[in-house]
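Asks: take a look and give me a structure for this.
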Amino acid sequence: MIDSGATTAEQLKQFADRMENLLNEIDGLKSDLKDLKGEAKSAGFNIKALDRLVAIRRKDSADAETELLNDLLLYAHATGTHLDLAMPDDSAPGKSGSDATASSREEAA
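Replies: Model (predicted):
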């Protein structure tokens, strides 16, 4: 019969060792990133703009589309522009989101 306690303890030690190694690698990479930003800054680049550029490049297309739609809604609201947006769960054509919600509430009552 296998002593599961020893196996579990060994597994736990292996996980702890791997985690420690990964965290050490992360610390090293953070230091490398800090050095890189220092190089870019000394070359005259705006680090905040560079950070934003990299963040945008790392986003997947769904995140970028969501951000674009959020900006569109913000700008429309700020300029008083009415956007007639259909809610995904609207089944009845011609009903606005609030009308559909009101109808749903009336049907439930």
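
Asks: show me what the top helix by length along the chain is packed against.
Replies: What stands out as the longest helix in the chain, according to DSSP state H, is helix 4-42. Using 3 or more Cβ pairs under 8 Å, 6 or more residues apart in numbering; DSSP states H and E as the contact criterion, the neighbours of helix 4-42 among helices and strands are helix 47-58. For the C-beta atoms, the positions are set from N, CA and C on the backbone; glycine is no exception.

Asks: chain center to the helix it packs on: distance?
Replies: Computed by Cα atoms, centre = their mean, to the nearest Å, the separation of helix 47-58 from the middle of its chain amounts to 14 Å.

Asks: packing partners of it?
Replies: If you count contacts as 3+ Cβ pairs under 8 Å, 6+ apart, helix 47-58 packs onto helix 4-42.

Asks: angle of the helix it packs on against helix 47-58?
Replies: Between the axis of helix 4-42 and that of helix 47-58 there is an angle of 130 degrees, by axes from the mean of the first three to the mean of the last three Cα atoms, to 10 degrees.

Asks: now helix 4-42: average pLDDT?
Replies: Per-residue pLDDT over helix 4-42 has a mean of 94.

Asks: in it, what counts as buried?
Replies: Of all the residues in helix 4-42, not one is buried under the rule 16 or more other Cβ atoms under 10 Å.
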